[in-house]
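Undergrad: have a look; sequence and predicted model below, questions after that.
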Amino acid sequence: MNSILSDRVLQMEESATLAMAKKARELKAQGIDIISLSLGEPDFKTPKHIQQAAKDAIDEGKYFAYPPVSGYQDLREAIAKKLREENNIQEAKAEHIVVSVGAKHSIANTFMCILNEGDEVIIFSPYWVSYAEIIKLCGGVPVLIEGTLENNFKASAAQLEAAMTSKTKAVIYSSPCNPTGSVFSQQELEAIANVVKKHEGVVVIADEIYELINFTGKNFSIASLPGMFERTITVNGFSKGYAMTGWRVGYICAPLEVSKAVEKMQGQFTSGNTGIAQRAALAGIAGDQGPSQEMAVQYLKRRDLMLGLLRDIPGIKTHVPEGAFYFFPDVTAFFGKSAHGHQVSNADDLCMYLLAIANVSLVTGSAFGADNCVRISYAASEADLIEAMKRMKKALGELA
Ligand code: PMP
Ligand code: GLU
């Protein structure tokens, strides 16, 4: 019998990050002591003043009705102000902002609004797992330009230029990057912008969701460069920097034509984001930034801890991530080896081996466009990181 499902969903891959997290959760529920380093999710609690704002919003009783589709005006104004003051995106106004149900939703909205069938989207690879699937769902064709460990996983402007065709519609990257933790410098973004500006009608989707977890100093936004505001959709959200993954608040800042289209799209799919979550987000963006800064300090400490632990594991090759909370080491040294009845031929096999033997869950690099690597999230306690690396070292050492 033919499936009742659409080709659209049948052709779609499941999110590998969420699938691995689900598997780890199931094993934990069976009583197995899994250390989960698979999901890119802060282990910190949402700061207290943000929690309080949500409680106050409930008590005030003013936010139970349908919110405006693109978000409350004061939240959009606060976001625009932040983008002007912190990111130097001088053109940003409330009318350019659309608040959505997480940055994932913002990205989906954006591609729904800009892609026609067959349009190409150039993705800086390694890339976050959902980009390619969302692009394909919207009729687009993902085109990967690949960074390698040797150049800190950063594909160059020259590679971008070489990948441009008459069908190119958009370019997407995350910086700081999920899965590599790499950060584009101002100079690198200027070079990218110069290529994009040569190609009429091509836009950049700049995913800056990890901007508050950046160990290089300050985040640089490509939309702040001359001539780039009209060509950039800046994506950001509250999940990472404010430890608010479950609140589901993200946003775009886009040229008016795009922000209006996204509002129309969202008006047909979801309507505006949850009122209470928006009030919490406002407290996040307009309130005390101390807790976010403190989290970033802790992530840096863990980055350094992990660097030492990983360098102590023979066969693991890693660069030094400059932001986000991931390592993305090359693990090819273990391919072609076996132990405990497991044959390891690729990064998928290695992740399964480590899950079964070390009880540590990671995500295979193949989900991010690099099948010689694995992604390790270090958004976990120092004790868990130390124990996980000890187990990994032992299990990897047994492969022969
Ligand atoms: N972009 C990147 C690079 C991410 O890692 C994530 C993580 N979920 C998202 C977007 C989406 O974030 P959210 O939907 O939780 O706002
Ligand atoms: N972005 C996080 C990750 O990459 C959360 C999971 C997801 O949304 O895919 O693990």
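TA: Good, I have the coordinates. Ligands and ions are numbered 1, 2, ... in the order given.

Undergrad: quick check: residue 238 touching residue 278?
TA: No: the pair residue 238 / residue 278 is not scored as a contact, 10.0 Å apart, by C-beta atoms under 8 Å. (Each C-beta comes from the backbone N, C-alpha and C, glycine too.)

Undergrad: all strands for the protein, in order.
TA: 35-36, 97-100, 120-125, 141-146, 168-174, 203-207, 232-237, 250-253, 326-327, 337-339, 342-344, 360-361, 363-364, 374-377 (DSSP state E).

Undergrad: including mean neighbour count and distance to residue 56, could those strands go into CSV?
TA: Listed next are these as CSV, based on neighbours: other C-beta atoms under 10 Å; distance: least, C-beta to C-beta, whole Å:
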stretch, mean neighbour count, distance to residue 56
strand 35-36, 22, 33
strand 97-100, 28, 19
strand 120-125, 25, 41
strand 141-146, 18, 43
strand 168-174, 25, 33
strand 203-207, 25, 31
strand 232-237, 27, 22
strand 250-253, 29, 22
strand 326-327, 26, 35
strand 337-339, 16, 55
strand 342-344, 17, 53
strand 360-361, 24, 37
strand 363-364, 26, 38
strand 374-377, 28, 32
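
Undergrad: closest to residue 268 out of the ones you listed?
TA: strand 97-100 (13.2 Å; C-beta to C-beta).

Undergrad: now the strands of the chain as TSV including distance to ligand 1?
TA: Shown next, in TSV, are the strands of the chain (distance: least, C-beta to the nearest ligand atom, whole Å):
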stretch	distance to ligand 1
strand 35-36	15
strand 97-100	8
strand 120-125	11
strand 141-146	15
strand 168-174	4
strand 203-207	5
strand 232-237	4
strand 250-253	4
strand 326-327	9
strand 337-339	31
strand 342-344	27
strand 360-361	17
strand 363-364	11
strand 374-377	10
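
Undergrad: of all the ones you listed, which one is nearest residue 9?
TA: Residue 9 sits nearest to strand 141-146 of all those, at 17.7 Å, using C-beta to C-beta.

Undergrad: okay, residue 238 and residue 278: which has more neighbours?
TA: Set residue 238 next to residue 278 and count neighbours by other C-beta atoms under 10 Å: residue 238 wins out with 27 against 24.

Undergrad: need phi/psi at the residue lying closest to that one once chain neighbours are set aside.
TA: Nearest-residue entry for residue 238: residue 244, 4.2 Å, with adjacent residues in sequence omitted and distances by C-beta to C-beta, 6 or more residues apart in numbering. Backbone geometry at residue 244, expressed as degrees, to the nearest 10, gives phi -130, psi 40.

Undergrad: count the residues that sit near residue 197.
TA: By other C-beta under 10 Å, the residues close to residue 197 number 15.

Undergrad: ok, now which ones touch it?
TA: 227, 228, 231 (C-beta atoms under 8 Å, 6 or more residues apart in numbering).

Undergrad: and those, which of them are buried?
TA: 228, 231 (16 or more other C-beta atoms under 10 Å).

Undergrad: can you put the strands of the chain in a markdown table and add mean pLDDT and distance to residue 385?
TA: Converted to a markdown table, these look like this (pLDDT from 0 to 100; distance: least, C-beta to C-beta, whole Å):
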| stretch | mean pLDDT | distance to residue 385 |
| --- | --- | --- |
| strand 35-36 | 94 | 8 |
| strand 97-100 | 98 | 32 |
| strand 120-125 | 98 | 27 |
| strand 141-146 | 98 | 29 |
| strand 168-174 | 98 | 23 |
| strand 203-207 | 98 | 26 |
| strand 232-237 | 98 | 25 |
| strand 250-253 | 98 | 28 |
| strand 326-327 | 98 | 10 |
| strand 337-339 | 97 | 23 |
| strand 342-344 | 96 | 23 |
| strand 360-361 | 96 | 10 |
| strand 363-364 | 95 | 16 |
| strand 374-377 | 97 | 9 |
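
Undergrad: nearest to residue 73, of those?
TA: strand 97-100 (9.8 Å).

Undergrad: quick check: residues of the stretch 1-150 of the chain near ligand 1?
TA: Within the stretch 1-150 of the chain, the positions near ligand 1 by C-beta under 6 Å from any ligand atom are 40, 102, 103, 104, 128.

Undergrad: output the residues you listed as a markdown table; include the columns distance to residue 288.
TA: Below are these laid out as a markdown table (distance: C-beta to C-beta, whole Å):
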| residue | distance to residue 288 |
| --- | --- |
| 40 | 24 |
| 102 | 23 |
| 103 | 22 |
| 104 | 27 |
| 128 | 29 |
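
Undergrad: contacting ligand 2 as well, which ones from the residues you listed?
TA: Here is what survives when these are matched to ligand 2 using C-beta under 6 Å from any ligand atom: 40, 104.
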